[in-house]
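1. Predicted model and sequence below, questions to follow.
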Number of protein chains: 2
Amino acid sequence: MFFSIGDLAARTGVKVPTIRYYESRGLLSAPLRSSGNQRRYGHAELERLGFIRHARDLGFSLEAISALIELQDHPDRACTSATRIAQGQLDAVREKIRRLRALESELARIAEGCTGDGAARDCYVLASLADHDLCVQDHARDTSPSTQLT
Amino acid sequence: MFFSIGDLAARTGVKVPTIRYYESRGLLSAPLRSSGNQRRYGHAELERLGFIRHARDLGFSLEAISALIELQDHPDRACTSATRIAQGQLDAVREKIRRLRALESELARIAEGCTGDGAARDCYVLASLADHDLCVQDHARDTSPSTQLT
DNA sequence: GTAATCTCTCTAGTGACTAGAGCTTCAAGA
DNA sequence: TCTTGAAGCTCTAGTCACTAGAGAGATTAC
């Protein structure tokens, strides 16, 4: 019925130090302790950690996950903010894909422009990086507040 | 002929503290100093910083950029490693796109499953996050050494 | 009882910056 | 020449989401 932190880690696929980190960040509440001061978890914690893991897999920030958990703990509240958070995450992912596609085509062009068997002075990769004008597309940097997608 | 760090920042679009940071990381060599100990740059530094900025825009890590610069400084060497680095970056970008697309479809499904006007207890967003089995696709986390693409 | 494995807390490191404190230098106008 | 305000200097610490390691104590299987 009660698991150690190692058991919880094994069941959820979240590493032990990460579980302690989540606790320190307030995503998991402080669990019961054994007489020897070791953490003991039950099913509620197992589910909550599963929730967190799943949300992390989908790229949500810990801050966003905190907000979602807060909502989960108050089932009578309106779920407007949950939908807003999910939609925001979706928008961020789509934007990231858009940018990455531009990078991909530019990188492909650059990488394929060099066979790799010449001298550095003639390398198209190095020349392309030195001269932005050789670029076909616009591949500006992401300046938005990064929604971390590892 | 000689610019201050602020001029260099304005010309390249790289922020002043970032330029100092690049110097501390060895990507830019220590420049000349004015009698009052302020940095003074010439055209060589302008070009190098442009190179770095362009490579960063394309998602290369500072470590990779260091290697590319090293190669640039030895034009007689073979450019094999430059091509390898560029190809590696391209592979990383493609992998990232692949993963993000899986996330996108999953997130779209989740976000669209909830109108946002109900109570949290009935929220499909929260339910989906709590139960991975509601997911259609596999959207595992990125465990690879992250090639940072902001 | 003992040995092996877990678990504890704490600190520090990652990458690529960014922010701020407290000071000095520079450039332009009076 | 003097003044003033912007720009520059170094240094430290903070960001995010962990990860690694030290050195100690707890638990468990035999």
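-> Nice, thanks for sending it over.

2. Can you get me the start-to-end distance on stretch A:33-53?
-> End-to-end distance for stretch A:33-53, by C-alpha to C-alpha, to the nearest Å: 23 Å.

3. Flag every buried residue along that stretch.
-> By 16 or more other C-beta atoms under 10 Å in any protein chain shown, the buried positions in stretch A:33-53 come out as A:Arg39, A:Arg40, A:Tyr41, A:Glu45, A:Arg48, A:Leu49, A:Gly50, A:Phe51, A:Ile52, A:Arg53. The C-beta positions use only the backbone N, C-alpha and C, and glycine is treated the same way.

4. for those residues, which one is nearest DNA strand C?
-> Set against DNA strand C, the nearest of the buried residues of stretch A:33-53 by C-beta to the nearest atom of the strand is A:Arg39 (3.3 Å).

5. Give me the neighbour count for A:Lys15.
-> 10 (other C-beta atoms under 10 Å in any protein chain shown).

6. Would you agree it is in contact with A:Ala9?
-> Yes: at 5.9 Å, A:Lys15 and A:Ala9 qualify as touching, with contact defined as C-beta atoms under 8 Å.

7. in chain A, what residue is nearest DNA strand C?
-> Closest point on chain A to DNA strand C, by C-beta to the nearest atom of the strand, is A:Gly6, at 2.3 Å.

8. Now that residue. Nearest residue, chain neighbours left out?
-> What sits nearest to A:Gly6 in space, not counting adjacent residues and going by C-beta to C-beta, 6 or more residues apart in numbering or on different chains, is A:Val16, at 6.2 Å.

9. mind listing what A:Ala55 touches?
-> With contact taken as C-beta atoms under 8 Å, 6 or more residues apart in numbering or on different chains, A:Ala55 is in contact with A:Ala64, A:Ile65, A:Leu68, B:Leu129.

10. May I ask which of these has the most neighbours?
-> Highest count within the contacts of A:Ala55 by other C-beta under 10 Å belongs to B:Leu129, 27 neighbours.

11. List the buried residues for the helix or strand where that residue lies?
-> B:Leu129 belongs to helix B:124-130 when assigned by DSSP states H and E. Buried residues in helix B:124-130, counted by 16+ other C-beta under 10 Å: B:Tyr124, B:Val125, B:Leu126, B:Ser128, B:Leu129, B:Ala130.

12. Show residues contacting it.
-> Under C-beta under 8 Å, 6+ apart, the answer for helix B:124-130 is A:47, A:50-51, A:54-55, A:58, A:68, A:71-72, A:79, A:82-83, A:85-86, B:109-111, B:113-114, B:120, B:134-135.

13. try 6 Å
-> A:Phe51, A:His54, A:Ala55, A:Gln72, A:Ala82, A:Thr83, A:Ala86, B:Ile110, B:Gly113, B:Cys114, B:Leu134 (C-beta atoms under 6 Å, 6 or more residues apart in numbering or on different chains).

14. Does chain B have contacts with stretch A:23-36?
-> No: remark: stretch A:23-36 sits outside contact range of chain B, by C-beta under 6 Å from any C-beta of the partner chain, the gap being at least 13.0 Å.

15. Ramachandran angles for whichever residue of chain A sits closest to DNA strand D?
-> Here chain A gets closest to DNA strand D at one residue, A:Gly36, 1.8 Å apart by C-beta to the nearest atom of the strand. Here is the backbone geometry of A:Gly36 (degrees, to the nearest 10): phi -90, psi 20.

16. can you check the one 5 residues further on too?
-> When quoted as degrees, to the nearest 10, the phi and psi of A:Tyr41 stand at phi -110, psi 160.

17. give me every residue that touches it.
-> A:Phe3, A:Leu8, A:Pro31.

18. Next: A:Leu46.
-> By C-beta under 6 Å, 6+ apart, A:Leu46 has no neighbours at all.

19. what about the helix or strand hosting it and DNA strand C, any contact?
-> Using DSSP H and E, A:Leu46 sits in helix A:43-57. No: shown here: helix A:43-57 not in contact with DNA strand C (C-beta under 7 Å from any atom of the strand), separated by at least 12.1 Å.

20. following that helix, which helix or strand shows up next?
-> Following helix A:43-57 in sequence, per DSSP H and E, is helix A:62-72.

21. For that following helix, give me every contacting residue.
-> A:Ile52, A:Ala55, A:Ala82, A:Ile85, B:Ala120, B:Leu126.

22. where's the closest residue to A:Met1 other than its chain neighbours relative to A:Leu32, distance?
-> In space, and not counting its chain neighbours, A:Met1 is closest to A:Gly42: 6.6 Å by C-beta to C-beta, 6+ apart. Distance of A:Gly42 to A:Leu32, given as C-beta to C-beta, to the nearest Å: 8 Å.
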